[in-house]
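# show me the folded form of this:
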Amino acid sequence: MNVTADLFPGFAERRIDTGAAQIFLRTGGSGPPLLLLHGYPQTHVCWHRIAPELARHVTLVVADLRGYGASSVPPSDAEHVAYSKRAMAEDCLKVMRTLGHERFVVGGHDRGGRVAYRLALDHPEAVRALVPIDILPTAEVWRRITAERAVGSYHWGFLAQPHPLPETLIGHEPVYYLEHTLKSWAGPRDLSPFSAEALAHYRALMKDPARVQAMCEDYRAGASVDRRLDEADLAAGRRIACPTFVLWGSEYLGRGSARPLDVWRPWCRELSGAEIRSGHFLAEENPQDTLAALVPFLATVGEKP
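As a prediction, this is how the structure comes out:
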C-alpha cells in the first residue's frame, strides 16, 4: 500500500524485516526509547498530534503493525497464530533491537495496547514500562461481555467471524464502515477529531482487501489464541512486571461498569493511570491532556535502570 501524506516531518522512515513481516516505521527525537503502537482501524499516523512534543523527551518509534498501514501482510493460518499478539510482539521486539534499543517503554492504543502488554508479559527483560491506552486485557473483555456490551462492541464478534463473511460485507462499503466505526467511538460522535490527512490514511487502509482480511485475522486471533494465552498467564499467576500506566477516555472505556484500574490490578505488579477527557481516540481527540499525563510518567521511568 502506498503511504499517503507524511505527518511526521523530520522523522526518519524505516522498513525492517523481522523474518515474518516487513514493518514500516518512523522514528525521531532523542532520549530513552519509546515505541508506540496504533489500534484498529488506524495506522501509525494516529500519533501525529503528540509525536513532536514526545520527540523532545524520548527517541520515539511509531510503527505499523503487521497487516496494517505500510507494513507487509503475512499469510495467515488456520489457528490465526500469524496475527496473534504474541507474533506481533515478536515483530516489535526485533524492530527495536534492530534500531539498537535493548530496553524500552512500549505504549499502545486499542489493538496496539494488546500487542504492548503481550510484549511486556513475554519479554519482561526488554520492556522498561508499559502504557496501555483505552483497553482492558483481552481475556477480561471476553469474560465481561453482557447484552449491552455485545451491542456496543459488536465488532469483536463480527470481525472474528470465519472468512470471508466480514471481509465481504466491509468490502461493499469500506469507507462507510470505517467512518461509522470512527464516529461511533469518538467523543463527539463525528469525524471532527481526525485531520483530513489522517483520515486519508485510514480510508486507504480500509479500501485494501488484503489489509481488511489481516484486520479480521487480528480479531480472530483475539477470540482464540490471544484469549487462551491470557487465560494461561492468569492461571499461572504471571503478572506484568514493569511499571504500568493505563490511560483511558472518559467517554469510552470510562463509561463502563468497571473501573479500568480495578480490572488491570490483578495483571500488574506496579500500576497507576489517568482518565483523559476524550472518546476512544485520546491522542487525536485530546492531545494536550494525553501529553500532560504521559510525559511525567515517561520522565519517571526514564530515570530507572
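# for the rest of this, base every contact and every neighbour count on C-alpha atoms.
OK.
# and the helices in this protein?
51-54, 85-98, 111-122, 138-143, 147-152, 154-159, 165-172, 174-185, 196-206, 209-223, 225-236, 260-264, 282-285, 287-302 (DSSP state H).
# lowest average pLDDT across these?
Across the helices of the chain, helix 147-152 has the smallest mean pLDDT, namely a mean of 85.
# who does it touch, helix- and strand-wise?
Where contact means 3 or more C-alpha pairs under 8 Å, 6 or more residues apart in numbering; DSSP states H and E, helix 147-152 is not packed against any helix or strand.
# make it 10 Å
Secondary-structure packing of helix 147-152 (3 or more C-alpha pairs under 10 Å, 6 or more residues apart in numbering; DSSP states H and E): helix 138-143, helix 154-159.
# ok, back up a step: among the helices of the chain, which is the most enclosed?
Highest mean neighbour count among the helices of the chain (mean count of other C-alpha atoms under 10 Å): helix 111-122, with a mean of 26.
# next, the angle helix 85-98 makes with it.
Computed with axes from the mean of the first three to the mean of the last three C-alpha atoms, to 10 degrees, the direction of helix 111-122 lies at 80 degrees from that of helix 85-98.
# who does helix 111-122 touch, helix- and strand-wise?
Secondary elements touching helix 111-122 (3+ C-alpha pairs under 10 Å, 6+ apart): strand 33-37, helix 85-98, strand 104-109, strand 127-133, helix 209-223, helix 225-236, strand 240-249.
# could these be laid out in TSV, adding distance to W156?
Converted to TSV, these look like this (distance: least, C-alpha to C-alpha, whole Å):
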stretch	distance to W156
strand 33-37	19
helix 85-98	15
strand 104-109	16
strand 127-133	18
helix 209-223	7
helix 225-236	12
strand 240-249	19
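# turn the helices and strands packed on helix 147-152 into a markdown table, including distance to H109.
A markdown table is the format used below for the helices and strands packed on helix 147-152 (distance: least, C-alpha to C-alpha, whole Å):
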| stretch | distance to H109 |
| --- | --- |
| helix 138-143 | 13 |
| helix 154-159 | 16 |
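# of all those, which lies closest to L234?
Comparing the helices and strands packed on helix 147-152 by their distance to L234 (C-alpha to C-alpha), the top pick is helix 138-143, with 9.2 Å.
# got a list of contacts for the closest one?
The set of residues external to helix 138-143 that reach it, using C-alpha atoms under 10 Å, 6 or more residues apart in numbering, is 111, 114, 135-136, 149-150, 153, 156-157, 222-224, 226-232, 234, 263-264.
# can you tell me which residues contact the residue nearest the centre of the chain?
For the chain, the residue nearest the mean C-alpha position is G112 (1.7 Å; C-alpha atoms, centre = their mean). Contact partners of G112, counting by C-alpha under 10 Å, 6+ apart, are 36-40, 43-44, 63-65, 85, 88-89, 106, 118, 132-133, 135.
# number of residues surrounding E275?
Number of residues near E275 (other C-alpha atoms under 10 Å) recorded here: 19.
# that one is in contact with N286, isn't it?
No. Between E275 and N286 there is no contact, the gap being 11.3 Å when judged by C-alpha atoms under 10 Å.
# what sits in contact with each of these two?
Between them, E275 and N286 share these contacting residues under C-alpha under 10 Å, 6+ apart: G249.
# between the helices and strands packed on helix 111-122, which one is nearest to P166?
Comparing the helices and strands packed on helix 111-122 by C-alpha to C-alpha, helix 209-223 comes nearest, at 7.4 Å.
# other SSEs contacting that closest one?
Using 3+ C-alpha pairs under 10 Å, 6+ apart: helix 209-223 touches helix 85-98, helix 111-122, helix 138-143, helix 154-159, helix 165-172, helix 196-206, helix 225-236.
# so can I have JSON lines of those showing distance to F297?
Formatted as JSON lines, the helices and strands packed on helix 209-223 follow (distance: least, C-alpha to C-alpha, whole Å):
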{"stretch": "helix 85-98", "distance to F297": "21"}
{"stretch": "helix 111-122", "distance to F297": "17"}
{"stretch": "helix 138-143", "distance to F297": "24"}
{"stretch": "helix 154-159", "distance to F297": "31"}
{"stretch": "helix 165-172", "distance to F297": "39"}
{"stretch": "helix 196-206", "distance to F297": "27"}
{"stretch": "helix 225-236", "distance to F297": "26"}
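# closest to F8 out of those helices?
Among the helices and strands packed on helix 209-223, helix 196-206 comes nearest to F8, with 11.3 Å by C-alpha to C-alpha.
# that closest one to helix 174-185, inter-axis angle?
120 degrees.
# list the buried residues of stretch 44-52.
H44, V45, C46, W47, H48, R49, I50, A51, P52 (16 or more other C-alpha atoms under 10 Å).
# that one: how far from the chain's middle?
What separates the centre of stretch 44-52 from the centre of its chain is 13 Å, taken as C-alpha atoms, centre = their mean, to the nearest Å.
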